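Participant: Predicted structure and sequence below. I'll ask about it afterward.
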Amino acid sequence: MRMLKSLVLLGAMAIAPAAYAAGEEIHLPETRFSSDGIFGTFDRASVQRGFQVYREVCSNCHSMRLLSYRNLSEIGLTEEQIRAVAADVQVQDGPNDEGQMFERPGRPSDRFRRPFANDAAARTANNGALPPDFSVIAKAREGGPHYIQALLTGYEDPPAGFTLGDGMNYNRYFPGHQIAMAAPLNPDQVEYADHTPATVEQMSRDVALFLHWAAEPELEQRRQMGIKIVLFLGVLGVLAYGVKRRIWADLH
Amino acid sequence: MSIGLHKSEFKNPVIRWVDSRLPLFTMMQKEYGTFPTPRNFNYFWNFGALAMVSLMIMILTGVFLSMNYTAHTGYAFDSVERIMRDVNYGWLLRYVHANGASMFFIVVYIHIWRGMYYGSYKAPRELLWMLGVVIFLLMMATAFMGYVLPWGQMSFWGATVITNLFSAFPVVGSHIVTWLWGGFSVDNPTLNRFFSLHYLLPFVIAGVVFLHIAALHITGSNNPLGIDPKGPQDTIPFHPYYTSKDSVGLVVYFIVFAILVFFMPNYLGHPDNYIPANPMVTPTHIVPEWYFLPYYAILRAVPDKLGGVLLMFGSIALLFVLPWLDGSPVRSMRFRPLARIAFALFTLNFFVLLYVGGKPAEEPYVTISRFATAYYFAYFLVILPLLARLERPLPLPESIARAVLGRGGGPIPMAAAAKPMEKA
Ligand code: HEM
């Protein structure tokens, strides 16, 4: 009986994480993000810098169609800042009273503007490859922000004998190692307002954390709630067990 | 029963008024209050109640998700993300529902395991057991269709692979598939019907659960010793003894559930399902949800498609006839030294199947899955029938009370102990 129980437990613990690890193993470098662990939160300064990187670099190719400018208040942007960010882009609206579509400056309630009108346009501009939407990219890749950061810093020369396709780039962490996106970040590509040195390493960390926030904006609230609920259940469990012991006491 | 008002024993005038016209309170009192229950349940007997709670949680969260979900290929993915972002506590609803499915399967797998170890499927509980297998099948259908609803890459490709299985049947196969799809590929009609059925089936499950429990209350519960209660000294009223014991299990269940939902909500899912469905791009490895992996492994164990499909359905069909495959009169494996080992191996083997089911179809996993599949079938078709004849069970205790309280009286010979079961 005891043997069976431990068997079941052991099996259950061993299997779950292993079940999906398949194919060629690519090991991500050890990195730590403020969002790691059960107490992890989003470092606001880093997320805001990450937004700057997204806005100035990645948004030329990658959309974030599920986010609205108003969502930026969650990472600490003020109302004015958000209005300014939104007003910076022109969005199509309409039809107006005359039935015409028209362009107007963005508003906080607008979704992030897409760089391309449609997928075909995006492919045409990118050598046939489609830059994926970023709304949930951190949930859509094994390793989340760790993978994104690794990808952005993983560009290198292909090893001898590796033939790259036309317009492709070698990346150590991309599955298959051939990626259509050229290294998007170069040192000092953006100028951080807080004077953090804009190394590729720093920018990639910041943008990876920003993308993690974008994919799981509820993360902090979820964990805070979870800690309270688990603590409460722990106490309740002790009480329930005590009650059960008392009720059963007269049987033994 | 004679016609006329029921003679209610409740004091409260309102309860009494209702109860004498519709004796619901008397029924609850009888079935869940004073219901005589073997005194020796261990914590494995929590899992029936936990399964019931799981079903209620799924229906409750499901109804609220449906209020915000859009069953259309163009909107489904975004509507789920909108639930996560813009609906108040929508992320909680969705993560409880998605992880609730996993919790439901964990609970039901343990519940089934309990039944197999303690011989709960044997006479007189065969029908009760078979109703349980029906519930399990309906759960699989429901979860499969639910997983299609968020319309991610695994939703789409999982649905494509699984529905395509039916094409293995000769002559009618391709017609069945077209009929299931409502077209010539997994598309909007498929999503729509899956949503409709996903909403419907849990209520069918609830109906079968009712029958399952009604049957239970005819035969009474089995217990870890597998011997029948012989008198009042062997039983205790369900309330407060088992209500209090179930509460302990329930809290532990909620703790595990909460850890999943709040700290690792996507751990049991697949990242690819956060990529919107794309019929033009096939994921490198199409894997179903973890709870289907053992059967997925059996499906892929043989190179022949029809063979694989038949084996997979067969592996569950065997559960239906299990009461007749295992002819041993001794229920609990505590008293079956050989069956116990065979069943320990079966348990381990099930995890092996689960593991290889999540691996790509290449060596060494293919060979492992073949051996594991062979053992799965051998356990039911060869080992249990043989052991029923060959095994010498250990002596059974004379009664539950004797065994639990350890007062007086040694064990009695096998033959005498097995008798009461046969007449029941
Ligand atoms: C036996 C009970 C049930 C099981 C096992 C089950 C299972 C599932 C699963 C696995 C998903 C996919 C979750 C995901 O990855 O996003 C899902 C989604 C969904 N289910 Fe259920 N479900 C059950 C009952 C219900 C009921 C009763 C309803 C409606 C009344 C419902 C409504 C929905 C909706 C609207 C979705 C799509 C939203 C989403 O994907 O999160 N479910 N279900």
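Facilitator: On my side now, so go ahead. Residues are numbered from 1 along each chain as shown, chains lettered A, B, ... in the order given.

Participant: Find the nearest non-adjacent residue to whatever residue of the stretch 51-200 of chain B ends up closest to chain A, please.
Facilitator: Distances between the stretch 51-200 of chain B and chain A by C-beta to the nearest C-beta are smallest at residue B:91, namely 4.3 Å. All C-beta spots, glycine's among them, are computed from the backbone N, C-alpha and C. If the residues on either side of it in the chain are set aside, residue B:91 comes closest to residue A:218, at 4.3 Å by C-beta to C-beta, 6 or more residues apart in numbering or on different chains.

Participant: What distance do you get for the one you found to residue B:66?
Facilitator: 20 Å (C-beta to C-beta, to the nearest Å).

Participant: Residue A:51 - how many residues pack around it?
Facilitator: Using other C-beta atoms under 10 Å in any protein chain shown, residue A:51 is surrounded by 23 other residues.

Participant: Could you list the residues in contact with the host helix or strand of it?
Facilitator: Following DSSP states H and E, one finds residue A:51 within helix A:44-56. Outside of helix A:44-56, the residues that reach it under the criterion C-beta atoms under 8 Å, 6 or more residues apart in numbering or on different chains are A:34, A:62, A:64, A:72, A:75-77, A:85, A:134, A:185, A:189-190, A:192-194, A:196, A:202-203, A:205-211, A:213.

Participant: pLDDT (mean, whole number) over it?
Facilitator: For helix A:44-56, the mean pLDDT works out to 97.

Participant: where does residue B:414 land on pLDDT?
Facilitator: According to the per-residue confidence, residue B:414 scores 42 in pLDDT.

Participant: can you pull out the helices in chain A?
Facilitator: According to DSSP state H, chain A carries its helices in the segments A:2-18, A:44-56, A:79-87, A:119-125, A:144-153, A:200-215, A:219-249.

Participant: so the residue nearest to residue B:227 when sequence neighbours are not counted, which of the three states?
Facilitator: Among residues not flanking residue B:227 along the chain, residue B:396 sits closest, at 5.7 Å (C-beta to C-beta, 6+ apart). Secondary structure state of residue B:396, per DSSP: H, G, I helix; E, B strand; the rest coil, is coil.

Participant: how about the helix holding residue A:51: buried residues?
Facilitator: If you call a residue buried by 16 or more other C-beta atoms under 10 Å in any protein chain shown, then helix A:44-56 has these buried ones: A:45-55.

Participant: Next up, the contacts around residue 42.
Facilitator: Using chain A here. Taking C-beta under 8 Å, 6+ apart as the contact definition, residue A:42 lies against A:34-35, A:75, A:209, A:212-213, A:219-220.

Participant: actually chain B
Facilitator: residue B:224.

Participant: I'd like the distance between it and the ligand.
Facilitator: For residue B:42, the distance to the ligand equals 27 Å [C-beta to the nearest ligand atom, to the nearest Å].

Participant: tell me the domain ranges of the chain?
Facilitator: You didn't say which chain, so I picked chain A. For chain A, whose domains are defined here by automatic domain parsing, the residue ranges read A:2-67+A:111-217, A:220-252.

Participant: That was the other one, I meant chain B.
Facilitator: The domain map for chain B lists B:41-286, B:289-392, with the assignment taken from automatic domain parsing.

Participant: JSON lines please, covering those domains and showing mean pLDDT.
Facilitator: JSON lines is the format used below for those (pLDDT from 0 to 100):
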{"stretch": "domain B:41-286", "mean pLDDT": "96"}
{"stretch": "domain B:289-392", "mean pLDDT": "95"}
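
Participant: want to throw the ones you listed into JSON lines with distance to residue B:16?
Facilitator: Converted to JSON lines, the domains of chain B look like this (distance: least, C-beta to C-beta, whole Å):
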{"stretch": "domain B:41-286", "distance to residue B:16": "20"}
{"stretch": "domain B:289-392", "distance to residue B:16": "41"}
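
Participant: need the contact list for residue B:231.
Facilitator: residue B:399.

Participant: Relative to residue B:400, how far out is it?
Facilitator: 9 Å.

Participant: so where's the stretch 51-200 of chain A shaky on pLDDT?
Facilitator: Counting by pLDDT under 70, the stretch 51-200 of chain A has no low-confidence residues at all.

Participant: tell me, how many neighbours does the residue in it positioned nearest to chain B end up with?
Facilitator: Of all residues in the stretch 51-200 of chain A, residue A:140 sits closest to chain B, at 3.7 Å by C-beta to the nearest C-beta. By other C-beta under 10 Å, the residues close to residue A:140 number 23.
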